[in-house]
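>>> Predicted model, plus sequence, below.
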Amino acid sequence: MPKTERVPKYRLHKSSGQAVVDLNGRTFYLGSHGTKTSKAEYDRLVAEWLVNGRRAPNRTDDQTDRLICELCAAHWEFAEDYYVKNGKPSGEQHHVRLLVGLLSEFYGRTAVSEFSPLRLKALRQQMIGLNNSRIYINNQIGRVKRIFKWGVENELVPPAVYQALQAVAGLRKGRSAARETEPVKPVAVEYVEASKPYLSRQIWAMIRIELLAGMRPGEVCIMRACDIEMVGDVWDYRPHEYKTEHHDIERVVALGERAQAIVREFLKPDTEAYLFSPIDAEAERRAKLHTKRKTPLKYGNRPGTNRRRKPKRQAGERFTTDSYRRAIQRATELAFPAPDGLDAVQTKQWHKEHRWSPNQLRHTAGTKARKLFGLEGAQMHLGHSRAQTTEIYAERNLELAREIARQIG
């Protein structure tokens with residue numbers, strides 16, 4: 001029997017959530033995957049393809065006919081290659097992936113030429129309905145504009161569409177229904193000290209260095225001896241990865257005498273090894289438990305024999321910002337246990353009031369530096385290129401204002 005040519009499949013385009021079919025090397029977008037509308041569109045296109053001698057239906061491929069789901073799919077392919085840092089997807093790629101999915105879901109079958117400021121505002125309203133914060137929504141709307149700008153650059157979007165979208169202003173604080181986020185505040189030293197008994201030696205060292213040097217959590221997680229210039233009374237630490245790296249802004253963290261003492265405690269023969277390692281922390285934890293063992297070694301389990309061969313989670317070579325944060329949050333919950341008699345909502349609120357994060361340490365360091373050396377000093381200590389950014393991290397010295405009020409009025 002002669003071999004029958006297969007009919008192109010109805011399939012899912014994962015990044016956009018759209019149903020697609022490939023006909024003669026061209027991808028046709030059908031609408032949201034799994035819906036009756038998309039399946040009917042698939043049946044229609046395949047029928048036309050078969051009637052046309054297995055040739056794709058004629059269709060103009062100009063800017064006015066292109067669909068938003070096609071623009072999203074094309075931009076996602078660009079984003080997968082562009083938003084990469086040190087061989088790994090950056091945080092920006094994650095935000096773009098969420099956005100193209102949402103944009104395709106609500107306006108995937110809309111032509112790019114018909115996407116107007118009112119439709120952008122309607123998309124924004126959907127984000128408010130999803131309980132996203134005002135700052136996050138403004139950032140995502142800015143990304144929508146950048147997608148259309150990229151489309152203009154690549155002749156996928158008429159320039160007038162992008163120009164019209166620029167008229168949509170960001171949401172103002174207190175003038176929208178969007179949820180407001182609480183500002184990050186410095187953490188009290190008393191809270192930090194109370195958490196110490198429940199932290200590993202490595203995590204406690206990272207906390208102290210953050211407080212002394214004012215560095216970001218990600219920068220302390222990746223500290224290596226080879227990145228530190230151990231010369232003179234102040235050492236220079238140049239992280240091999242940092243937040244503003246793509247802006248060609250050099251990042252140098254000055255380490256004073258007390259920070260140097262902490263670093264010396266964790267130096268290793270391999271200068272490229274991370275100073276603070278979860279593997280080391282886990283080994284020290286097990287050794288500590290072994291010293292408390294009461295059962296003689298000839299009885300019970302011998303050390304290491306009762307471990308899982310393939311555990312779901314294994315200690316890595318370095319802490320990530322997430323594992324660093326989780327370790328601190330677990331310690332705060334142990335240091336400040338919720339009182340008896342609280343319900344689930346009250347218990348959650350209790351932990352929220354007593355919990356603190358690694359990023360708050362940077363705010364604490366910035367506030368202290370500003371109090372001692374002014375705004376410019378805090379700016380240098382935190383490594384900001386603009387003093388306006390330092391204002392966010394370093395709280396104003398209200399005590400100075402009170403002292404002036406005492407003297408003049």
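Okay, I see it. Numbers count the residues shown, from 1 in each chain.
>>> Please determine how far the residue nearest the centre of the chain is located from Thr321.
Among the residues of the chain, the one closest to the centroid is Gly91, at 4.6 Å (CA atoms, centre = their mean). From Gly91 over to Thr321 the distance is 10 Å, taken as CB to CB, to the nearest Å. Using the backbone N, CA and C atoms, a C-beta is placed for each residue, glycine as well.
>>> Next: Glu153.
Summarising the geometry, the distance separating Glu153 from Thr321, computed by CB to CB, is 33 Å.
>>> For the two, indicate the residue with more neighbours.
Under the criterion of other CB atoms under 10 Å, the comparison of Glu153 against Thr321 puts Thr321 first, with 17 against 11.
>>> just checking, that one touches Ile222?
No - Thr321 is not in contact with Ile222 according to CB atoms under 8 Å; the separation is 9.8 Å.
>>> Could you check the pLDDT of Trp76?
Trp76 carries a pLDDT score of 92 in this model.
>>> give me every residue that touches it.
Listed by CB atoms under 8 Å, 6 or more residues apart in numbering, the contact partners of Trp76 are Ser15, Ser16, Val96, Arg97, Val100.
>>> Mind checking which of those residues are in helices?
Cross-referencing the contacts of Trp76 with the helices (criterion: DSSP state H) gives Val96, Arg97, Val100 as the overlap.
>>> Break this protein down into its structural domains.
With domains defined by automatic domain parsing, the chain comprises 11-59, 68-165, 189-298+315-334.
>>> now the ones you listed as a markdown table including distance to Lys371?
What follows is the domains of the chain, written out as a markdown table (distance: least, CB to CB, whole Å):
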| stretch | distance to Lys371 |
| --- | --- |
| domain 11-59 | 48 |
| domain 68-165 | 27 |
| domain 189-298+315-334 | 13 |
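>>> right, so of those domains, which gets closest to Lys368?
For the domains of the chain, the distance to Lys368 is smallest for domain 189-298+315-334, at 8.3 Å, taking CB to CB.
>>> Next, the distance between the ends of the closest one.
One end of domain 189-298+315-334 to the other measures 17 Å (CA to CA, to the nearest Å).
>>> quick check, nearest of the contacts of Trp76 to Val252?
Val252 has its nearest neighbour among those in Val96, at 30.7 Å by CB to CB.
>>> what's near enough to touch the closest one?
With CB under 8 Å, 6+ apart as the criterion, the residues that contact Val96 are His75, Trp76, Ala79, Tyr83, Arg143, Ile147.
>>> try 6 Å this time
The neighbours of Val96, taking CB atoms under 6 Å, 6 or more residues apart in numbering as the test, are Ala79.
>>> Local confidence estimate at it?
The predicted structure lists Val96 with a pLDDT of 93.
>>> again with Gln379
pLDDT, Gln379: 65.
>>> Quick check: phi and psi on Val20?
Listed backbone geometry of Val20 is phi -140, psi 160, with angles given as degrees, to the nearest 10.
>>> what do you get for His240?
The phi/psi pair for His240 (degrees, to the nearest 10) reads phi -80, psi -10.
>>> Please report how far it lies from Leu67.
With distances defined as CB to CB, the gap from His240 to Leu67 amounts to 42 Å.
>>> Tyr274 now?
47 Å.
>>> low-scoring stretches of this structure, by residue?
Counting by pLDDT under 70, the chain contains low-confidence residues at 1-5, 57-64, 245-247, 303-304, 306-307, 375-409.
>>> now the strands: where do they sit in it?
Defined through DSSP state E, the strands belonging to the chain, from first to last, are 11-13, 18-23, 26-32, 84-85, 88-89, 228-229, 235-237, 253-255.
>>> Which one of those lies nearest to Ala261?
Distances from Ala261 to each of those were compared using CB to CB; the shortest belongs to strand 253-255, at 9.8 Å.
>>> which other helices and strands contact the closest one?
Using 3 or more CB pairs under 6 Å, 6 or more residues apart in numbering; DSSP states H and E as the contact definition, the elements that strand 253-255 packs against are strand 235-237.
>>> Could you check how far the strand it packs on is from the centre of its chain?
Its chain's C-alpha centre lies 27 Å from the corresponding centre of strand 235-237 when counted by CA atoms, centre = their mean, to the nearest Å.
>>> elements contacting that strand?
With contacts defined as 3+ CB pairs under 6 Å, 6+ apart, the packing partners of strand 235-237 are strand 228-229, strand 253-255.
>>> Could you single out the most deeply buried of those?
When the helices and strands packed on strand 235-237 are scored by mean count of other CB atoms under 10 Å, the highest mean neighbour count falls to strand 253-255 (a mean of 21).
>>> Given that strand, what are its sheet partners and their directions?
strand 235-237 (antiparallel) (DSSP bridges).
>>> If you count neighbours, what's buried in the strand it pairs with?
Residues of strand 235-237 classed as buried: Trp235, Tyr237 (neighbour count, 16 or more other CB atoms under 10 Å).
>>> Go ahead and name everything in contact with that strand.
Ile228, Glu229, Val252, Val253, Leu255, Gln260.
>>> Quick check: the two most widely separated of those?
The largest distance within the contacts of strand 235-237, taken as CB to CB, falls between Val252 and Gln260 and amounts to 15.1 Å.
>>> more neighbours, those two?
It is Gln260, of Val252 and Gln260, that has more neighbours when counted by other CB under 10 Å, with 17 against 11.
>>> any idea how far Arg208 is from the more buried one?
Between Gln260 and Arg208 the distance, using CB to CB, works out to 12 Å.
>>> how about the helices of the stretch 301-409 of the chain, start to end?
321-335, 344-354, 358-382, 387-393, 398-408 (DSSP state H, counting those that start in this stretch).
>>> List the buried residues in the second one.
Put plainly, it is helix 344-354. Of the residues in helix 344-354, those buried under the neighbour-count criterion (16+ other CB under 10 Å) are Trp350, His354.
>>> Pull the distance from it to the chain's centre.
Counting by CA atoms, centre = their mean, helix 344-354 is centred 25 Å from the centre of its parent chain.
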